[in-house]
Structure formats: structure tokens, C-alpha cells
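Peer 1: Got a predicted structure plus its sequence, pasted below:
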Amino acid sequence: MTTTAHTDAVVADKPRIQPTTIWQQAWIMVKRNMIHTKRMPEMLSDVTIQPIMFVLLFAYVFGASIQTDSASYKEFLLPGIMGQTIVFTAFIVSTGITADLEKGIIDRFRSLPIQRSSVLIGRSIASLLHSSIGIVVMAVTGLAIGWRIRGSFGEAVLAFALLVLFGFAMIWFGILIGSWLRTVEAVNGFMFSVLFPITFLSNAFVPTEPMPTWLRTIAEWNPMSSLVQALRVLWGNGPAFGPGAALPMQHPVVATLIWTAALTLIFAPFALRAYNKRTSD
């Protein structure tokens, strides 16, 4: 009886480990990425120094020579450069995942009693937060040089929500590339080769009307153009496109939602399969 009582006492004194949900696990991963950024503040240069540099260079160098139907090129520019920033969320996710895989950090996570998907969710949320810092910095810089939101409060909130949703779709593309390629250098080369043409072959920085017909068609069916035009319409930074424009330009908000859903449905299954295969090797 003494032995039984002693065993019961040890069991009673032993701390109980409460099971955590996948969202609690994902939040731990978010904090892990934020702490990593805090210890290496130079990682924030792409969402602090670069946005200010891009806004000022484009506004004052190209602004003097590009004619738009907006009140000013600065109002035309800000939605485009914010769209570019959120598209590059895929870049942040892909390099982060590849670096973790290359250094063996994902293997250490696999040895922990956590769900594998929590690592992806945490990385995705952290990347969206990272890009959101750039959006805020660009908005403040834009306000300082004359950019204004001329739509209603509800329209302004909807525009920022579209940015986040589109960034969520691009995250799946980043997960796919980050799981597919083996080195950070390979990811950098591939993502620059893909994302830069996508962002510049659009209405982000120049109007599409003066383009040759074939090039204008490609630009106006670019998902990036739908997002940027939706931001301009909701923020009151540019006129709506006429009947001669492609269908996504005539209904940019709806087109952006459709593109977001389509890109997610296309990339998510392949991204999850590539990630599971890479982490199971």
C-alpha cells in the first residue's frame, strides 16, 4: 500500500502537458519568425528602406514623364507599388521555407509533437505580417508626398482586405517554389525571373491604353492588373476602364476575388504535395 501511495503521489506531482491546437502551434511558429526578424533587423530592409526608395524614385523620376488619367501620377503609383509588394510575399515565403529546409530546421520541427501544417501556417502568417509592414510604410510615405484615399472608409478597408487575400493566394505559389527548389540561391533567381515580369507587365506603373493591342490584352488579363485597378477604384485614385478594356478591368473587384480563388485552388494542392514530399525524404 505504501508503494501504491508513493506512485500516486509521483503521478499527482508530475506536470500535465495540455495538448495545443493547430492555431496555438502556428502562433508559436509566427513568434519564432518574428523573434528571428527582431534579432536580425536588417531583414526588414525590404519592407522599410526599399518601399520608401521605390515610392520616391517612381514618383519623382517616372512621374514627370508618364501621363495618366488620375489626378496625379503619385495617386496612380501607390496602388501599383502596394500590389507589387504583396505579390512579393511569395518571395518571402519561398526563401524562408527553403532556408529552413536547407538548414535542417524543418527536420527538428518534425521531431516535435506538433502538426506539420502548423509550420506552413506560421510561416504564411509571418510573411503576411512582414509584407504588411511594407504596405504601412508605403502608405505613410505616399501620404507625405501627396497620395490620398478619396473613397469611403468601407471601400478603403475592402481595398486593404483584397491586398491580404491576394497575398494569401501568392503564399501558396511561394510554398510550392520553396519546397520544389533546393537552395535559396535557386529560389532567388527563379522568383526574380517570374515575379518581375508579372508585376511590370501590368497596369501597376504605366497605363495599358498606349500599349500595342496584343501586349495590352496580356497586361489587362494579368491578375496583378485586376488587383491594382481594384485598389485604384476603391481608393478613388483613377477612373474606371471603358468598354474597350478587357473584362477584368471593367469589374476589377470581382475579378480580383475570382483570381484569388483560382490561384489558391491551382497552387495549394501542388504546394502541399511538394512540401509533404520534401519533408518526407
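Peer 2: Nice, thanks for sending it over.
Peer 1: how about low-confidence regions in the chain?
Peer 2: Flagging of the chain using pLDDT under 70 yields the residue ranges 1-19, 42-43, 64, 69-71, 242, 281.
Peer 1: Which parts of it are strands?
Peer 2: For the chain, applying DSSP state E gives no strands.
Peer 1: So which residues of it form helices?
Peer 2: 2-13, 22-39, 49-57, 73-87, 89-103, 105-110, 116-145, 153-180, 184-200, 213-220, 223-235, 247-250, 252-280 (DSSP state H).
Peer 1: Alpha carbons only: can I get the fifth one in PDB?
Peer 2: The C-alpha trace of helix 89-103 is given here as PDB (Å, rounded to 0.1, in the frame of the first residue of the first chain):
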ATOM      1  CA  THR A  89       5.000  37.900 -50.300                       C
ATOM      2  CA  ALA A  90       5.600  34.700 -52.300                       C
ATOM      3  CA  PHE A  91       9.300  35.600 -52.500                       C
ATOM      4  CA  ILE A  92       9.500  35.900 -48.700                       C
ATOM      5  CA  VAL A  93       7.700  32.600 -48.100                       C
ATOM      6  CA  SER A  94       9.700  30.600 -50.600                       C
ATOM      7  CA  THR A  95      13.100  31.800 -49.400                       C
ATOM      8  CA  GLY A  96      12.100  31.200 -45.700                       C
ATOM      9  CA  ILE A  97      10.900  27.700 -46.300                       C
ATOM     10  CA  THR A  98      14.000  26.800 -48.500                       C
ATOM     11  CA  ALA A  99      16.300  28.200 -45.800                       C
ATOM     12  CA  ASP A 100      14.600  26.200 -43.100                       C
ATOM     13  CA  LEU A 101      14.700  23.000 -45.200                       C
ATOM     14  CA  GLU A 102      18.400  23.600 -46.200                       C
ATOM     15  CA  LYS A 103      19.500  24.200 -42.600                       C
END
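Peer 1: For it, name the packing helices and strands.
Peer 2: Judged by 3 or more C-beta pairs under 8 Å, 6 or more residues apart in numbering; DSSP states H and E, helix 89-103 is in contact with helix 116-145, helix 153-180, helix 184-200, helix 252-280. To be clear about C-beta, it is placed using only N, CA and C from the backbone, and glycine gets the same treatment.
Peer 1: Of these, which is nearest residue 210?
Peer 2: Within the helices and strands packed on helix 89-103, the stretch nearest residue 210 is helix 184-200; the backing value is 15.0 Å (C-beta to C-beta).
Peer 1: Can you list the buried residues in that closest one?
Peer 2: 184, 187, 191, 195, 198, 199 (16 or more other C-beta atoms under 10 Å).
Peer 1: Pick the most buried one from the helices of the chain.
Peer 2: helix 223-235 (a mean of 27; mean count of other C-beta atoms under 10 Å).
Peer 1: what's the angle between that one and helix 73-87?
Peer 2: If you take axes from the mean of the first three to the mean of the last three C-alpha atoms, to 10 degrees, helix 223-235 sits at 130 degrees to helix 73-87.
Peer 1: so helix 223-235 versus helix 184-200, what angle?
Peer 2: 50 degrees.
Peer 1: what sits up against helix 223-235?
Peer 2: Here helix 223-235 makes contact (C-beta atoms under 8 Å, 6 or more residues apart in numbering) with 70, 75-76, 79-80, 82-84, 86-87, 149-151, 155-156, 158-159, 162-163, 166, 198-199, 202-204, 208, 219, 237-238, 240-241, 248-249, 252-253, 255-256, 259, 263.
Peer 1: Off-centre distance for it?
Peer 2: 16 Å (C-alpha atoms, centre = their mean, to the nearest Å).
Peer 1: ditto for stretch 151-168
Peer 2: How far stretch 151-168 lies from its chain's middle: 13 Å, per C-alpha atoms, centre = their mean.
Peer 1: CA-only coordinates of that stretch in CSV, if you can.
Peer 2: Extracted in CSV, the C-alpha atoms of stretch 151-168 (Å, rounded to 0.1, in the frame of the first residue of the first chain):
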residue,chain,number,x,y,z
GLY,A,151,-13.1,56.7,-51.4
SER,A,152,-15.2,55.9,-48.4
PHE,A,153,-14.0,54.2,-45.3
GLY,A,154,-15.6,50.9,-46.2
GLU,A,155,-14.1,51.0,-49.7
ALA,A,156,-10.7,51.7,-48.2
VAL,A,157,-11.0,48.7,-45.8
LEU,A,158,-12.1,46.5,-48.7
ALA,A,159,-9.1,47.5,-50.7
PHE,A,160,-6.7,46.6,-48.0
ALA,A,161,-8.6,43.3,-47.5
LEU,A,162,-8.1,42.5,-51.2
LEU,A,163,-4.4,43.0,-50.7
VAL,A,164,-4.3,40.5,-47.9
LEU,A,165,-6.4,38.0,-49.8
PHE,A,166,-4.2,38.2,-52.9
GLY,A,167,-1.2,37.8,-50.7
PHE,A,168,-2.7,34.7,-49.3
